[in-house]
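[1] here is the input, now give the coordinates:
(one chain, ligands or ions: 1)
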Amino acid sequence: MTSKPSVLVTGASTGIGAAYAERFARRGHDLVLVARNTARLEALADRLRADTGATIDILSADLADTTQRVAIEARLRDDARIGILINNAGTSLGGTFIEQAIDDIDRLVALNTTALVHLAHAIAPRLAQAGEGAIVNIGSAVGLVPEFGMPVYGATKAFVLHLSQALSLQLASQGVYVQAVLPAATRTEIWGHAGVDVDTLSGVMEVDDLVDAALVGFDRREPVTIPPLHDVGQWEAFEAARQAMIPGFAQSRPADRYLATA
Ligand SMILES: NC(=O)c1ccc[n+]([C@@H]2O[C@H](COP(=O)([O-])OP(=O)(O)OC[C@H]3O[C@@H](n4cnc5c(N)ncnc54)[C@H](OP(=O)(O)O)[C@@H]3O)[C@@H](O)[C@H]2O)c1
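    Coordinates of the predicted model:
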């Protein structure tokens with residue numbers, strides 16, 4: 001048995017989640033893989049067992065479905081071997097806000113935000129109690145860019161960033177590391193689900209490069225890792241500008257520009 005914690009990866013059947021699974025197996029961790037497509041999970045698990053000797057469990061579940069999701073929450077709550085959660089499962093939606101069906105929007109929000117926060121909430125108390133562990137939440141650069149025209153998807157990813165930063169502040173003192181990873185366009189099937197041919201895009205990162213870079217941030221215990229951002233000074237300036245506003249929010253009087261003129 002390995003002394004390294006097991007890693008539960010959601011959305012592990014393909015794309016970014018599958019790459020995380022492979023990297024952690026090669027690092028000597030056992031895995032719990034979650035997604036809907038059992039055949040794909042089994043094929044990945046068979047390959048990684050053969051290549052690395054890791055012990056790998058498969059949990060097939062639709063995380064947008066409350067009944068199926070609670071089984072994953074229970075596993076995170078009860079299995080003390082799991083010390084790292086990779087909250088990766090997510091999807092996108094094509095079309096404009098008006099074109100998108102509200103049922104599809106509900107499923108997007110349920111997967112990208114509700115499931116992510118439920119899974120984090122299931123494992124966080126146990127990790128805090130143990131005084132160690134990590135929660136990695138996969139956000140997106142789109143969460144910083146309303147101009148990209150993906151209003152609900154982008155909002156779910158802004159949620160992921162805020163949640164991760166706030167959890168990082170709350171849980172760090174209890175030994176729990178929380179990382180938000182913000183990929184930009186990465187070559188996976190998600191683009192097809194949104195009706196976009198990824199080959200028509202420029203500046204697309206390969207999955208292996210994205211996950212390797214995200215793990216450099218993980219090993220450095222960065223709270224926010226943005227693999228495609230070359231000039232980290234831009235992020236630091238953005239954060240500094242945001243934090244500079246904080247002391248000014250506590251005001252009993254509205255700003256002068258909002259005072260009604262007679
Ligand atoms: N690729 C990009 O350009 C990009 C950029 C920024 C952020 N991201 C984020 O990165 C994460 C991974 O995306 P990806 O690009 O790797 O996408 P992907 O290739 O489409 O993979 C998504 C994964 O999530 C699983 N999944 C989807 N719906 C699910 C559900 N209802 N319940 C359980 N699992 C579900 C899929 O497996 P099953 O179909 O088997 O369930 C699959 O394993 C997402 O959170 C995405 O928003 C991606």
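
[2] quick one: the strands in the chain?
    6-10, 31-35, 56-60, 82-87, 134-138, 177-181, 224-225 (DSSP state E).

[3] what about the first one, distance to the chain center?
    What separates the centre of strand 6-10 from the centre of its chain is 12 Å, taken as C-alpha atoms, centre = their mean, to the nearest Å.

[4] before we move on, what about the fourth one?
    How far strand 82-87 lies from its chain's middle: 11 Å, per C-alpha atoms, centre = their mean.

[5] and if you look at the last one?
    Computed by C-alpha atoms, centre = their mean, the separation of strand 224-225 from the middle of its chain amounts to 11 Å.

[6] picking up where we left off before, of the strands of the chain, which is nearest residue 241?
    Residue 241 lies closest to strand 224-225 among these, at 14.9 Å (C-beta to C-beta). Glycine gets a C-beta too; all of them are placed from N, C-alpha and C.

[7] what residues does the closest one touch?
    Residues from elsewhere that reach strand 224-225 (C-beta atoms under 8 Å, 6 or more residues apart in numbering): 161, 164-165, 179-182, 213-214, 216-218, 235.

[8] rebuild the strands of the chain as TSV, extending it with mean pLDDT, mean neighbour count and distance to residue 151.
    Listed next are these as TSV, based on pLDDT from 0 to 100; neighbours: other C-beta atoms under 10 Å; distance: least, C-beta to C-beta, whole Å:
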stretch	mean pLDDT	mean neighbour count	distance to residue 151
strand 6-10	99	26	24
strand 31-35	98	27	26
strand 56-60	98	18	31
strand 82-87	98	26	22
strand 134-138	99	24	19
strand 177-181	99	25	20
strand 224-225	98	20	22
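
[9] CSV for the ones you listed, including distance to the ligand?
    Output for the strands of the chain, formatted as CSV (distance: least, C-beta to the nearest ligand atom, whole Å):
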stretch, distance to the ligand
strand 6-10, 6
strand 31-35, 4
strand 56-60, 8
strand 82-87, 8
strand 134-138, 4
strand 177-181, 8
strand 224-225, 12
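
[10] whatever residue of the stretch 51-200 of the chain ends up closest to the ligand - how many residues pack around it?
    Closest contact between the stretch 51-200 of the chain and the ligand, by C-beta to the nearest ligand atom, is at residue 90 (2.2 Å). A total of 26 residues lie near residue 90 under the criterion other C-beta atoms under 10 Å.

[11] just to revisit the earlier point, out of the contacts of strand 224-225, who has the most neighbours?
    The most crowded member of the contacts of strand 224-225, judged by other C-beta under 10 Å, is residue 181 (29 neighbours).

[12] find the nearest non-adjacent residue to that residue, please.
    Nearest residue to residue 181 in three dimensions, chain neighbours excluded: residue 214, at 4.6 Å (C-beta to C-beta, 6 or more residues apart in numbering).

[13] ok, the one you found touching residue 186?
    No - with contact defined as C-beta atoms under 8 Å, residue 214 does not count as touching residue 186 (10.3 Å).

[14] list the buried ones in the helix or strand of the chain with the lowest mean pLDDT?
    When the helices and strands of the chain are scored by mean pLDDT, DSSP states H and E, helix 190-193 comes last with a mean of 92. Residues 190, 191 are the ones in helix 190-193 that count as buried (16 or more other C-beta atoms under 10 Å).

[15] that one near the ligand at all?
    Yes - counting by C-beta under 6 Å from any ligand atom, the ligand has neighbours in helix 190-193: 190, 193.

[16] list the contacts of the residue nearest to residue 181.
    By C-beta under 8 Å, 6+ apart, residue 214 lies in contact with 136, 179, 181, 183, 225, 227.
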